[in-house]
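Student: Need a 3D model of the sequence below.
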Amino acid sequence: MNSGDRFGRYTVLSKLGHGGMGEVYLAVDSVLERRVALKLLAGKQHHDRVARKRLVWEAKCAAAIDHPYICKVYEAGEAEDHAFIAMEYVDGGTLGDRLSKGPLSWREFRLLAVQARIKTRLARSMFLALLAEGLRQAGRIEEGLKAVEEGLYYAGWIAEGGYVAELYRMRGELLRTSGDHGAAVECFHQALEYAIRQQAKSFELRASTGLAALLAERGDKAAARALLTPVCEWFTEGFSTSDWIVARKLLEEIG
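Tutor: Now for the predicted structure:
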């Protein structure tokens, strides 16, 4: 993409960098009139379903934390047949630029170490949530619950809770599959509590959808509708994401 090109509601200003998976551009959000870092999948990877899913999970992972050392995620979704993430743009140089000026100070080194530790533990808890979902689909409930427990251990080291909301949601899904609906309801409520505390709307939507589906299965469609409707109505964008589509479909089925 070149300067001046349009991508959905974003206008590209310049290319910031690229890696093995994606390309990042400085762009302007035409609706909110702010500069953002726009990440797209590189090359032909935008046709790769696994790569697209990984990019969305990356956005959810970052959105789960409100931390001064991790940029904010404004939006994630698809436009013009490309998956993308619109993130906070932080002006400054690269680590290579800084090292070219001399060795790091102790304070700078500590800041880098904190970032690396947060990212490692967050990635571990995220992987374990994905593993738990795969085990649930395979019917291996006990193994899935063990993966969730380990994920909660790593997420607990992150002050803002990291992926805790999603891990509790996954525990709820596992218990729901096993037939322990009472415990599942409690887990979904815990997931909602963490998601609301973190202001992680994507996690709140997923937890609300899981709980609403369980309530509907138990015959309480009114409670399911009352829970899920305001969460869906909060969103003003991201209508092409699978989470929002699943939530809206559930609301239509509930009636």
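Student: going forward, measure contacts and count neighbours with C-alpha atoms only.
Tutor: Will do.
Student: Just say helix, strand or coil for Val50.
Tutor: Val50 falls in the helix class when you classify it by DSSP: H, G, I helix; E, B strand; the rest coil.
Student: and it, what does it touch?
Tutor: Residues near Val50 by CA atoms under 8 Å, 6 or more residues apart in numbering: none.
Student: residue ranges for the helices of the stretch 151-255 of the chain, please.
Tutor: Defined through DSSP state H, counting those that start in this stretch, the helices belonging to the stretch 151-255 of the chain, from first to last, are 164-178, 181-198, 201-217, 221-234, 242-254.
Student: Quick check: which of those is buried the most?
Tutor: For the helices of the stretch 151-255 of the chain, average neighbour numbers computed from mean count of other CA atoms under 10 Å are highest in helix 164-178, which has a mean of 26.
Student: nearest spatial neighbour of Leu205, skipping sequence neighbours?
Tutor: Of all residues beyond its chain neighbours, the one nearest Leu205 is Val231 (6.2 Å), with distances taken as CA to CA, 6 or more residues apart in numbering.
Student: how near is the residue lying closest to Asp243 once chain neighbours are set aside to Val185?
Tutor: The spatially closest residue to Asp243, leaving aside those adjacent along the chain, is Arg206, at 6.5 Å (CA to CA, 6+ apart). In this structure, Arg206 and Val185 are separated by 14 Å, where distance is defined by CA to CA, to the nearest Å.
Student: For Val28, which residues are in contact?
Tutor: Contacts were defined as CA under 8 Å, 6+ apart; by that measure Val28 touches Tyr10, Thr11, Val12, Leu13, Arg34, Arg35, Val36.
Student: Specify which member of those residues is nearest to Glu237.
Tutor: Distances from the contacts of Val28 to Glu237 were compared by CA to CA; the smallest belongs to Tyr10, at 13.5 Å.
Student: one step back: closest to Glu252 out of the contacts of Val28?
Tutor: The shortest distance between Glu252 and any of the contacts of Val28, using CA to CA, involves Tyr10 and amounts to 31.7 Å.
Student: and the gap between the closest one and Glu33?
Tutor: In this view, Tyr10 and Glu33 are 9 Å apart by CA to CA.
Student: and what of Leu205?
Tutor: Distance, Leu205 to Glu33, using CA to CA: 26 Å.
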